[in-house]
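**Q** From the sequence below, what's the structure:
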Amino acid sequence: MTKANIVFCMKVAAAWAGLTLMVQAADVQLTGPFPDDLRSKLSGGSLLVEQSAAETPPSTQDILSAAQADYRRLLAVLYGHGYYGGVISIQLDGREASSIVPVNPPKSVTTVLVRVDPGPVFKFSQARIAPLPTRSQPHDSFAVGQVATLGALRSAVEKGVEDWRGAGHAKAALKSQTIVARHVSAELSADLVLAPGPKLTFGPLQTAGNVRTRTDRLIDIAGLPVGRTFDPEEVARAANRLRRTGAFQSIAMIEAEGVGPNDTQIITAQVTEAKLRRFGVGFEVATQEGGGLRAFWMHRNLLGGAEKLRFDAEIKGIGGTIGGMDYRLGVRFDRPATFNEDTNFYALAEIEQEDGENLFSRQASVGVGIERIASEKRRYRFGLGLRRGLTRDAFGERDYTLFEFPLGVNFDYRDVELDPRKGYYADIGVTPFLTLSGADSGVLSLADLRGYHSFGEDKRTTLAIRAQVGSLYGPSLADAPADFLFFSGGGGTVRGHEYQSLGVDLGGGNIVGGRSFVNVSAEVRWRSQGSFGLVAFADAGYVGEEEFFDGSGEWQTGAGVGLRYDTRIGPIRVDLAVPTSGETTDTQYQIYIGIGQSF
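**A** All right, here's what the predicted structure looks like:
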């Protein structure tokens with residue numbers, strides 16, 4: 001059916017119903033003595049303006065309904081910006097819309113004239129809100145001389161109520177309000193009265209929706225401080241503790257409407273449990289390093305207490321031209337709220353092999369530890385482990401066994417993990433180790449620091465900087481566990497160079513890892529308004545024989561450009577890099593492909 005036929009049929013149907021539909025949208029004009037910023041707000045709040053941009057022309061009945069609704073909507077916009085003396089006129093072909101009977105709309109409308117005279121901006125002549133808790137102050141926008149917007153009134157009430165709730169008065173609410181507008185002086189007098197209600201303590205946490213998760217474990221994980229004074233921040237922390245287990249799809253902390261026995265606030269944790277099992281896969285490809293695949297399988301609620309069991313597998317070097325195949329297989333068990341609500345227990349086991357051009361290593365390790373969660377952004381860890389390794393490098397073959405005591409802190413203030421645009425990230429680990437055989441004891445440390453800042457139009461340009469600093473203190477190069485030594489080159493360090501191409505040169509073509517390591521990377525990421533983005537980057541890496549950086553080692557640098565394509569799971573990354581200093585080979589460039597930003 002053609003468009004003309006469709007319009008014709010619409011006309012016939014409308015005539016049968018006693019109405020005439022428009023064939024073209026009416027011309028909507030918004031005029032008045034108002035500033036440009038208010039014009040955009042009025043346009044955004046008008047149904048008539050919205051209709052005029054629609055692809056399907058509205059009927060005259062629709063236009064009349066929108067016009068009569070716009071009186072209230074435009075008035076709300078004016079009140080929201082401190083205009084309480086405004087005059088609104090909406091004319092449909094010269095007739096005031098408010099005077100038209102809805103059951104008898106005009107047969108057609110060609111011109112809609114919306115005229116708004118906002119009048120003067122009102123300011124507060126009185127801004128009183130009481131009572132307030134000790135040391136509480138009204139919202140900054142609610143003060144004599146400030147523009148008297150509805151938002152300022154709402155903010156004053158919301159802050160006052162939240163301040164009382166923060167002082168333990170869970171049932172605080174607005175009791176009454178007296179608001180007087182004086183049009184002659186363009187002033188607004190506001191007197192707001194709050195009702196704090198009684199001071200309450202936390203009652204026993206109630207639960208709902210948990211089927212596979214035991215109620216006692218859910219209560220332990222939430223960690224709501226029963227018997228202590230009510231605090232909305234404690235409620236939010238309890239919800240976050242449940243959320244970070246990953247065992248629940250949704251969590252709502254519902255406050256009972258009434259006051260519980262002995263002036264308590266009863267709260268119910270309403271949860272929806274997530275699917276028990278989850279798996280995922282990822283990939284990376286580099287020119288010489290070859291392809292890499294990684295996968296995981298996870299059970300979110302192994303024993304009914306939100307315990308997590310996760311298996312990870314990774315293989316690298318598929319089709320690579322340097323070294324052999326690398327693999328890793330690990331399993332980890334996490335139990336939340338083991339010693340208290342913010343301390344988790346973990347146990348892990350892992351086997352790993354790395355077959356590089358300058359180092360072959362095979363390790364097996366087991367360990368246990370705790371993770372202290374200071375906040376959603378800060379974590380601390382401590383563990384004990386046993387590690388057994390077999391390594392082969394320029395110093396020969398070594399078979400060692402050692403105890404590890406890993407310590408670490410993690411600060412994650414990034415906005416998005418896979419594609420950060422602002423914030424910073426820091427992970428610092430220090431691992432003292434006591435060797436039982438095959439090597440000397442010492443301390444291994446590594447810091448990973450990252451920062452992000454976006455600027456420009458719509459913040460579409462991001463500057464990302466990363467610094468990695470490592471040190472092996474104690475054993476000499478010949479007596480250290482060889483897989484604890486540092487190399488540079490390849491994805492993750494200096495792109496454009498071969499993987500692990502920079503180490504300590506012993507002469508005769510023999511290269512081993514160093515005891516000190518520094519890597520600095522910088523990227524400028526530009527995003528289009530669509531799904532594509534461009535990246536320019538530069539990397540620099542240092543490896544030294546000394547325990548701590550002193551500049552006596554060797555540097556290598558690389559630079560390049562990249563392409564990004566945004567997906568739901570993170571940006572797909574394609575980087576082209578070339579070496580700019582240091583040892584080079586016949587291969588003058590390297591290509592890296594993966595998911596997520598490089599850091």
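**Q** going forward, measure contacts and count neighbours with C-alpha atoms only.
**A** Will do.
**Q** mind listing the helices for the protein?
**A** For the chain, the helices defined by DSSP state H cover 3-16, 36-45, 47-52, 60-80, 150-166, 215-222, 232-244.
**Q** okay, those in a markdown table with mean pLDDT next?
**A** Conversion of the helices of the chain to a markdown table gives the following (pLDDT from 0 to 100):
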| stretch | mean pLDDT |
| --- | --- |
| helix 3-16 | 34 |
| helix 36-45 | 92 |
| helix 47-52 | 92 |
| helix 60-80 | 95 |
| helix 150-166 | 97 |
| helix 215-222 | 97 |
| helix 232-244 | 96 |
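**Q** Now for the closest residue to Ser516 other than its chain neighbours, how many residues are close by?
**A** Distances taken as Cα to Cα, 6 or more residues apart in numbering put Ser471 closest to Ser516, at 4.6 Å, once the chain neighbours are dropped. Residues within reach of Ser471, counting by other Cα atoms under 10 Å, total 25.
**Q** Who does Ser471 form a beta bridge with?
**A** Ser445, Ser516 (DSSP bridges).
**Q** what sits against it?
**A** For Ser471, the contact set (Cα atoms under 8 Å, 6 or more residues apart in numbering) comprises 444-446, 515-517, 547-548.
**Q** Can you pick out the most distant pair from those residues?
**A** Greatest spatial distance in the contacts of Ser471: Leu446 and Glu547, 12.4 Å, computed using Cα to Cα.
**Q** For ChimeraX, write the selection for the buried entries among the contacts of Ser471.
**A** Restricted to buried positions by 16 or more other Cα atoms under 10 Å, the ChimeraX selection for those reads:
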select :444,445,446,515,516,517,547,548
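**Q** now, among the contacts of Ser471, which is nearest to Gly145?
**A** The closest of those, once distances to Gly145 are taken by Cα to Cα, is Leu446, at 55.6 Å.
**Q** Nearest spatial neighbour of the closest one, chain-adjacent residues omitted?
**A** Leu446 sits nearest to Gly470 (Cα to Cα, 6+ apart), 4.3 Å away.
**Q** quick one: that neighbour and Phe403, what's the gap?
**A** Gly470 sits 20 Å away from Phe403, taking Cα to Cα, to the nearest Å as the criterion.
**Q** Where does the prediction get shaky in this protein?
**A** Residue ranges of the chain with pLDDT under 70: 1-25, 584-587.
**Q** the more surrounded of Gly470 and Phe403?
**A** In terms of neighbours (other Cα under 10 Å), Gly470 is the more surrounded of Gly470 and Phe403; the figures are 25 against 20.
**Q** Can you name the residues that contact that one?
**A** Gly470 neighbours (Cα under 8 Å, 6+ apart): 444-447, 486, 515-518.
**Q** same thing with Val469?
**A** 446-448, 516-519 are the contacts of Val469 under Cα under 8 Å, 6+ apart.
**Q** How about Thr580?
**A** Contacts of Thr580 by Cα under 8 Å, 6+ apart are 556-559.
**Q** my guess is Asp440 meets Ala478, correct?
**A** No. Contact criterion Cα atoms under 8 Å: Asp440 and Ala478 do not qualify, at 9.5 Å.
**Q** Between these two, tell me which one has more neighbours.
**A** Asp440 (18 against 14).
**Q** Now do the more buried one against Gln363, distance only.
**A** Taking Cα to Cα, one finds Asp440 at 17 Å from Gln363.
**Q** Check Arg564 too.
**A** Using Cα to Cα, Arg564 is found at 36 Å from Gln363.
**Q** Which residue of the two possesses the greater neighbour count?
**A** Arg564 (24 against 19).
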